[in-house]
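# 3D model of this:
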Amino acid sequence: MESEHLILSDSDYARLSTLIDDELLRDELGRAIVVSTDQVPDDVVRMNARVTYLDKSSGLEREIELCFPEEADFKLGRVSVISPVGSALLGLKVGQEIDWPFPNGESRRLKVMHVVHAA
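As a prediction, this is how the structure comes out:
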């Protein structure tokens, strides 16, 4: 994992803090820089954003919407923040990469390619 800090909005941080039984998410929240929602740069992955990322380990590019666990729907591309991909991408900005452990024991390198925020 990277040593670079993540940027999270105060509202996302407050809601995500209720999910701290997830160890990887808890670690990510612990290294986050928390700012007001209007101070989060447009190129940063935050909750409810549509994110295109590249899995450099497999070469596959995928678009997802990062959501809270109760809103997840794989068929619609809505990925939970407590999933490995969701936890990895949260707070990263376009161009940033992260090595992230997956449940099968392998580590993948993910790169944020594009971010679009809901209006």
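# tell me what the longest strand that the chain contains is packed against?
Secondary structure of the chain read by DSSP state E shows that its longest strand is strand 107-116. Packing partners of strand 107-116 (3 or more C-beta pairs under 8 Å, 6 or more residues apart in numbering; DSSP states H and E): strand 50-55, helix 84-89, strand 97-101. Backbone N, C-alpha and C define where each C-beta goes, glycine included.
# Quick check: buried residues in it?
Applying a neighbour-count criterion of 16 or more other C-beta atoms under 10 Å, the buried positions in strand 107-116 are 108, 110-112, 115.
# closest one to Asp12 among the helices and strands packed on strand 107-116?
Closest of the helices and strands packed on strand 107-116 to Asp12 is helix 84-89, at 12.1 Å (criterion: C-beta to C-beta).
# which helices and strands sit right next to the closest one?
Against helix 84-89 (3+ C-beta pairs under 8 Å, 6+ apart) you get helix 23-30, strand 50-55, strand 60-67, strand 78-80, strand 97-101, strand 107-116.
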